[in-house]
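# would you be able to build a 3D model of this:
(2 chains, ligands or ions: 2)
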Amino acid sequence: MNDVSSIHGAQDSTTFDAMAAQAGPTPVNPAGVASARRRAPRGTRRRLTLAGVRLGIVAVALALWQLCVHAKIVDPFFWGEPKGVWQTLIDWFTVGTSQGSLGQQVIITLEEAVMGFVIGSILGIVCGIALGRVAVLSEIFGPFLKAANSIPRIILGSIFTVAFGFGIQSKVILAVVLVFFGVFFNAYQGSREVDRNLIANARLLGASRWQVTRDVVLPSAFTWILASLHISFGFALIGALVGEILGANQGLGLLIRSSQNNFDMNGVLAGMVLVAVIALTAEGLITLLERRLLRWRPPQTHGGAAVQ
Amino acid sequence: MAAIELRNVTKKFATADGGTYTALKDLSLTVEEGQFCAVVGPTGCGKSTTLTLVSGLERPSRGEAFVHGQEVNGIETGTGFVFQQDAVFPWRSVLDNVAAGPIYRGKDRGEATTLARDWLRRVGLSGFEDRFPHQLSGGMRKRVALAQTLINEPRILLMDEPFSALDVQTRAIMSTELLHLWDQTKPAVVFVTHDLEEAIALADKVVVLTAGPGTVKAEFEIDLPRPRVVQEIRFDPRFIELYEQIWEALRAEVAEAYDRTTRSAVAS
Ligand SMILES: Nc1ncnc2c1ncn2[C@@H]1O[C@H](COP(=O)(O)OP(=O)(O)O)[C@@H](O)[C@H]1O
Ligand SMILES: [Mg+2]
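Ligands and ions are numbered 1, 2, ... in the order given. Now for the predicted structure:
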């Protein structure tokens, strides 16, 4: 989880110079990370067709599933059925869940995930850059972090639930722990990969060590950090859900857990659908943030095949 | 008192296999106030290393480096450095790039911005203030780098093959512009290049280094009149005379360096 899919693709630089065409090399940017997925020219129709094909695949899969249920090939008691999932979702929306309104469950889980994500990311960035910049710190704490990263941290959820109770706190802490390491290792690596010339240039222009960290290391490491944020929100969501499943009064995780206890697989699947919607929305928002923060980078020419 | 003085400097680097590599050996070099000194030599002979010693980015293993009579001790912020590769900040607009130095040196933002606009005008980039570096051509990025460095009015200006990435025409235009800018504040310059023509066209003094480990092989005074137009000066008979003289000294070193690379290529 601490590696980044980075793309060192050819980058084109747009020339605005009125003078003769320049044969200069294109700028070398810090480790590129797939961001803006470039649209193919005249791509609107293509994208519509693609969306249509995808929708078709989903429809066929759901129809097959439903048919298998009717043909008694798949037992809906164990595997649920699309119709039942849909009905559960409608019930939750209109009537509410066994734990109260659906909105409230979603908000609780979102709150936990977002808080865990924000706190974990900030801690990860601060610690990663501090260790990347101060050799003594990385010498002292490096082995601890590696050791901590190698244990299955999800188990800590059990401890947090006992120590911090059934409220929101234990879930946030679990999410923080899960988010921290991914962001940390990327921030650390990012701050080590900064172009030495840029640091030398800033120093010669008069920047202090702190100014170099803020104005050169941080922006440069951000291409790495942002890549980790895509995965990290997923971790935050897992932290919140697992925390709720382990013990909670509210939230989507509890909803899934109580559906399981009632042998209501449609309820479990309906919960999953809601979680997927949240995750995809967050992914979209993070991509927007990334575009905004990495505005300074040349557009990627071969970004189409990028998969985070 | 000389602006820059390197006194018998030797620079060794640790190599990956645990040994040391001597990049510079007993190199001595003096540049007077306001003098434009060009350093030529084959690739890998230690030209860039020489500049890092003057700027304080690296320390000599033996010998001393002095700037205005003071021993160089850590990064010299009175020194301007134009790097071979792009070193402007890609995430900052052109204007913010140029304003960086004055802000780091304690000026307030408004003042720094006004100054930066003025320097962008001087390097011919008015109207490009809000662009990001990747939206500029290589030549324009070099001008941003020049403005970013010159805005601090350094008394010492170090340039490491600054125009080597540019095409020939742009390079000549930029060289003439550089001379014009240099004339306004007259810092002492060390201009590193592997292009002898460029060296003679720009400099008051051309220093030829030996193939690595680098040391000074010969120095030549360039008595061509100023102001010079780089595009035209190479047709001057005196230019041709100087070129032949210096090339005589440089040729052996270039051949030596080339021999070594081909030999090691065969060996490996
Ligand atoms: N930081 C370093 N570590 C190890 N070797 C270096 C380092 N910097 C330069 N060298 C070596 O020193 C020699 C001179 O390098 P440099 O000054 O960059 O040459 P030039 O600029 O003349 O091409 C080269 O052989 C290079 O490999
Ligand atoms: Mg060099």
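# now do the contacts for residue B:48.
Residues counted as contacts of residue B:48 (CB atoms under 8 Å, 6 or more residues apart in numbering or on different chains) are B:84, B:160, B:192. To be clear about C-beta, it is placed using only N, CA and C from the backbone, and glycine gets the same treatment.
# sec struct for residue B:17, please.
coil (DSSP: H, G, I helix; E, B strand; the rest coil).
# per-residue pLDDT of it, please?
Per-residue confidence for residue B:17 comes out at a pLDDT of 91.
# swap in residue A:36?
Model confidence at residue A:36, expressed as pLDDT, equals 43.
# cool, the one 4 residues further on as well?
In the predicted model, residue A:40 carries a pLDDT score of 51.
# in CSV, list the contacts of residue B:48 along with secondary structure.
Supplementary listing: the contacts of residue B:48 in CSV, determined by three-state DSSP:
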residue, secondary structure
B:84, coil
B:160, strand
B:192, strand
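# can you map out the strands along chain B?
Residue ranges of the strands in chain B, as given by DSSP state E, are B:4-14, B:20-31, B:36-40, B:62-67, B:70-71, B:79-82, B:156-160, B:188-193, B:205-209, B:216-221.
# wait, which of these is closest to chain A?
Set against chain A and scored by CB to the nearest CB, these come closest in strand B:79-82, at 4.8 Å.
# do the closest one and chain A meet?
Yes: contact between strand B:79-82 and chain A, assessed by CB under 8 Å from any CB of the partner chain, occurs at B:79-81.
# what mean pLDDT does that strand get?
What strand B:79-82 shows for mean pLDDT is 95.
# put the alpha carbons of that strand into PDB.
The C-alpha coordinates for strand B:79-82 follow below in PDB (Å, rounded to 0.1, in the frame of the first residue of the first chain):
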ATOM      1  CA  THR B  79      25.500  34.700  -5.200                       C
ATOM      2  CA  GLY B  80      23.200  34.100  -8.100                       C
ATOM      3  CA  PHE B  81      23.100  30.700  -9.700                       C
ATOM      4  CA  VAL B  82      21.500  29.800 -13.000                       C
END
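# so what touches it?
With CB under 8 Å, 6+ apart, strand B:79-82 has contacts from A:200-201, A:204, B:51, B:54-56, B:67, B:142, B:145-146, B:149-150, B:152, B:154-160, B:162, B:187.
# which of these fall within helices?
Of the positions in the contacts of strand B:79-82, A:200-201, A:204, B:51, B:54-55, B:142, B:145-146, B:149-150 sit in helices, assigned by DSSP state H.
# how about the strands of chain B, which one is nearest residue A:44?
Of all those, the one in closest proximity to residue A:44, counting by CB to CB, is strand B:79-82 (45.7 Å).
# of all the strands of chain B, which one is nearest residue A:100?
Taking CB to CB, strand B:79-82 is the member of those nearest to residue A:100, at 64.7 Å.
# and ligand 1, which of the ones in helices among the contacts of strand B:79-82 reach it?
The subset of those within reach of ligand 1, by CB under 6 Å from any ligand atom, is empty.
# before we move on, back to that, please identify which of the residues of strand B:79-82 next to chain A is nearest to ligand 1.
Ligand 1 lies nearest to residue B:81 out of the residues of strand B:79-82 next to chain A, by CB to the nearest ligand atom, at 13.5 Å.
# so the closest one bridges to which residues?
In this structure, residue B:81 has the following beta-bridge partners (DSSP bridges): residue B:158.
# count the residues that sit near the residue in the stretch 51-200 of chain A that chain B sits nearest to.
Per CB to the nearest CB, the residue of the stretch 51-200 of chain A with the smallest distance to chain B is residue A:197, at 4.4 Å. Counted with other CB atoms under 10 Å in any protein chain shown, the neighbours of residue A:197 add up to 17.
# so residue A:93 sits against residue A:103, correct?
No: here residue A:93 lies out of contact with residue A:103, judged by CB atoms under 8 Å, at a distance of 9.0 Å.
# closest to ligand 1 among the ones in helices among the contacts of strand B:79-82?
Distance to ligand 1 across those (CB to the nearest ligand atom) is lowest for residue B:51, with 8.0 Å.
# how much space separates that closest one from residue A:243?
If you measure residue B:51 against residue A:243 using CB to CB, to the nearest Å, the figure is 57 Å.
# quick one, which of the two is more surrounded?
Each of residue B:51 and residue A:243 has its neighbours counted (other CB under 10 Å); residue A:243 has more, 34 against 24.
# leaving out sequence neighbours, find the closest residue to the more buried one.
The spatially closest residue to residue A:243, leaving aside those adjacent along the chain, is residue A:171, at 3.3 Å (CB to CB, 6 or more residues apart in numbering or on different chains).
# who's in contact with that neighbour?
When the contact criterion is CB under 8 Å, 6+ apart, the partners of residue A:171 are A:112, A:116, A:160, A:239-240, A:243-244, A:248, A:251, A:253.
# which of those residues are buried?
Neighbour-count burial (16 or more other CB atoms under 10 Å in any protein chain shown) applied to those gives A:112, A:116, A:160, A:239-240, A:243-244, A:248, A:251, A:253.
# pick the one among the residues you listed closest to residue A:47.
Relative to residue A:47, the closest of the buried ones among the contacts of residue A:171 is residue A:240; by CB to CB it sits at 32.9 Å.
# and that closest one, which helix or strand is it part of?
The secondary structure element spanning residue A:240 is helix A:218-246 (assigned by DSSP states H and E).
# how close does the closest residue to residue B:61 other than its chain neighbours get to residue A:296?
By the measure of CB to CB, 6+ apart, the closest residue to residue B:61 outside its immediate chain neighbours is residue B:12, 4.5 Å from it. According to CB to CB, residue B:12 and residue A:296 sit 39 Å apart.
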